[in-house]
Structures are given as C-alpha cells and as structure tokens.
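J.: no FASTA, just this:
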C-alpha cells in the first residue's frame, strides 16, 4: 500500500474543497465524503481542503502537498477562477515553500 495520493483522490479533494469554500458543505462532511469515495486518509483530505482555502486567499499553508496535487489544484484554480486567483495560489505556494525551507533548516 502506498501513502501517495492518487489522481482520483486529489481530484475529489479539489471538488470537495470548492464546495467547502463556497459554503455548500462542512469540512468534516466533505472529508468524510472523500474518504468514502476514494479511500484517502481523512487527515490528508482535511489538509487538501485547508490548503485550497489558503491558496485562494494567498495565505501560507503549512502542510505538504504532492507535486501532482499542487499542479492539479493550480490548473483548476486558473480554469475555474482566472489569472488573479492563480496569482494568489502561487503566492500561497511560495509562502509554503519558504516556510518548509525555514522549518527544515531549524531541525
């Protein structure tokens, strides 16, 4: 068994994240739905939901996201919300990278 998040899982996580961000579903219910549909670890589902909210706001998120998940989220954010939203998501990712670099040097 692998710990890597599979395509079906990060696609479902993106859709659930949008629903949470738009107020259509609670984080817990969205995470439970992703777990039931894809078998993803619940904490990973919650991390993706939280990361999306940070990306949309251009805020720093602290949890790691796989390259594949991040690439998918960025493409979908651009397609769904346009270039201004993509700029915010890229800012968020830059802040995440800076944070992770700082915390890895401190250990």
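T.: Alright, I've got the coordinates. Small disclaimer: the values here were computed from a predicted structure and weren't measured. Residues are numbered from 1 along each chain as shown.

J.: For the residue nearest the centre of the chain, give me its contacts.
T.: Nearest residue to the geometric centre of the chain (Cα atoms, centre = their mean): residue 48, 3.3 Å. Residue 48 makes contacts with 5, 10, 13, 14, 16, 17, 65, 69, as judged by Cβ atoms under 8 Å, 6 or more residues apart in numbering. Bear in mind the C-beta positions are built from the backbone N, C-alpha and C, glycine included.

J.: Highest neighbour count among these?
T.: With neighbours taken as other Cβ atoms under 10 Å, the top of the contacts of residue 48 is residue 13, carrying 28 neighbours.

J.: so what's it up against?
T.: 5, 34, 40, 44, 45, 48, 49, 52, 69.

J.: from what I can see the third one touches residue 9, true?
T.: Yep, that's residue 40 we're talking about. Yes: between residue 40 and residue 9 there is a contact under Cβ atoms under 8 Å: 4.3 Å.
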